[in-house]
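# here's a sequence, model it:
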Amino acid sequence: MSEDAIERLKARQTPAVRAPVPWYSPIFKLRIEEFVALVFFGPMVFLTLKAYLFFKAQGEVPRVFMGDVQRVFAVVVVIGALILIARHRPQWKFLRDSLPFAFCLAIYTNLHDTIHFANPHDIHNTLIAIDAWMFGVQPSVWAERFIHPALTEFFSFCYMIFFLFAPAVALTLYLQGRKAEFRNTLVSVILCFYAGYILYLIFPAVPPRIMLKDMYTLTFKGTPIADAALLMVAALPSDSRAAFPSLHSAVTLLSLMFAFKYVRWLFWIMLPFCAGLLLSTIYLRHHYVIDLLAGFALGITAFFFGPKIDSWWRSRHPSGTVFE
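Presented below is the predicted three-dimensional model:
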């Protein structure tokens, strides 16, 4: 037998040595939106309990923070449902795909309420100064000259349907069987929300409806939709600090961009309502203009990098996992 044949025989008989598995590889069994949700779950629970105990020590827990505590338990149920679906009902793909968005909104609401317990260093005075430098006035105060019941109703309606824009685009793509486009849209929106949460914590800011309330001379009361919107806003903590950047502008622009790219007819239907929402953030005194500009930058960033991040993450999934 030749030496080459002997070497080949030895090679076949020598057991293959597997490369060591990196310690972090199990996280790639999760989808990116599931992993990020779990990362945010810990801070959400911590801040929610911190807020609850703070008010409990004072003798009364506001209803909004009791709702936050209940929402934590709801999120635990969602996490359990995701695990069960992934392991035992892989055919329930739509639930697996959509539940992380519901999880994302739950985290949004809780962090929205508890930002001041994480970072007490507010920047709203800087935002007010920037708006004054850009326009010479406070835009939400200047906009009072346009207040009219019909306009207030339309803007309030647009503002209230904010959470429908992204699901409308994603659901349309899902029903069309365009799974890749559906995933690009939904994952980018979810990552945009989470990036916005981080920026909320870094740059806490009270909205103009609270900071500039002494400058306003008119109210929006008296019309059905506006009154409903005011009730929704009134349910928020009076010291809410989720103004910068504007996730309303970020996610609305992001939804429009994906609609324009993938579902052009839906883009034209959404456009007037999305434009109304963007204008409503100033008209209804929810944001400073600089909030919107920062939100636009965030939305554009999510549009270009969201699909790339998801693609990179999916390329690292272990083959054969139940999370594929």
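# low-scoring stretches of the stretch 201-324 of the chain, by residue?
222-240, 318-324 (pLDDT under 70).
# quick one: the strands in it?
Using DSSP state E, counting those that start in this stretch, the stretch 201-324 of the chain contains no strands.
# and for the stretch 1-150 of the chain?
Counting by DSSP E, counting those that start in this stretch, the stretch 1-150 of the chain contains no strands.
# M44 and I107 touch, don't they?
Yes. If you go by Cβ atoms under 8 Å, M44 and I107 touch, sitting 5.2 Å apart. Every C-beta, even on glycine, is put in place using the N, C-alpha and C of the backbone.
# which residues do the two both contact?
Both M44 and I107 are contacted by V75, under the criterion Cβ atoms under 8 Å, 6 or more residues apart in numbering.
# now do the helices in the stretch 51-200 of the chain.
63-88, 93-118, 124-135, 139-142, 149-160, 162-175, 179-202 (DSSP state H, counting those that start in this stretch).
# V141 and F135: what is the separation?
10 Å (Cβ to Cβ, to the nearest Å).
# what is the burial count for L266?
Around L266 there are 19 other residues, counting by other Cβ atoms under 10 Å.
# before we move on, what about the one 3 residues further on?
When counting by other Cβ under 10 Å, one arrives at 12 neighbours for I269.
# contact partners for it?
So I269 contacts nothing (Cβ under 8 Å, 6+ apart).
# all numbers from here: first residue = 49
Let's use 49 as the start, then, which means that last one is I317.
# any idea how far it lies from R119?
In terms of Cβ to Cβ, I317 sits 32 Å off from R119.
# repeat that for M259.
In terms of Cβ to Cβ, M259 sits 27 Å off from R119.
# same check, this time on Y248
17 Å.
# okay, these two: which has more neighbours?
Set Y248 next to R119 and count neighbours by other Cβ under 10 Å: Y248 wins out with 22 against 18.
# which ones are touching the more buried one?
159-160, 163, 289-290, 292.
# need the per-residue pLDDT for it.
Looking at Y248, its pLDDT is 89.
# would you mind measuring from it to F241?
From Y248 to F241 the distance is 10 Å (Cβ to Cβ).
# before we move on, back to that, who has more neighbours, V189 and F183?
V189 (16 against 11).
# apart from its neighbours in sequence, what residue is nearest that one?
Spatial nearest neighbour of V189, excluding adjacent residues (Cβ to Cβ, 6 or more residues apart in numbering): M263 at 4.9 Å.
# again, but for A129
Nearest one to A129, counting by Cβ to Cβ, 6+ apart, is L147 at 6.3 Å.
# surely E192 meets Y264?
Yes. Counting by Cβ under 8 Å, E192 touches Y264, with 6.6 Å between them.
# between the two, who's got more neighbours?
Y264 (16 against 13).
# need phi/psi at the more buried one.
phi -90, psi 140 (degrees, to the nearest 10).
# ok now do it, which residues does it touch?
188-189, 192, 333.
# got CSV for these, with distance to D339 too?
Shown next, in CSV, are those (distance: Cβ to Cβ, whole Å):
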residue, distance to D339
S188, 11
V189, 15
E192, 19
R333, 12
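# D179: which of the residues you listed is nearest?
S188 (8.6 Å; Cβ to Cβ).
# give me the neighbour count for the residue nearest to A129.
Neighbours of L147 using other Cβ under 10 Å come to 19.
# okay, now V93: neighbour count?
If we define neighbours as other Cβ under 10 Å, then V93 has 15 of them.
# and the pLDDT for the residue nearest to it when sequence neighbours are not counted?
Excluding the flanking residues, the one nearest V93 by Cβ to Cβ, 6+ apart is V120, at 5.7 Å. At V120, the pLDDT value in this model is 73.
# does V120 touch L95 like I think?
No. Using Cβ under 8 Å, V120 makes no contact with L95, being 10.2 Å away.
# compare those two (neighbour count), which wins?
L95 (20 against 17).
# quick one, what contacts that one?
By Cβ under 8 Å, 6+ apart, the neighbours of L95 are 158-159, 162, 165-166.
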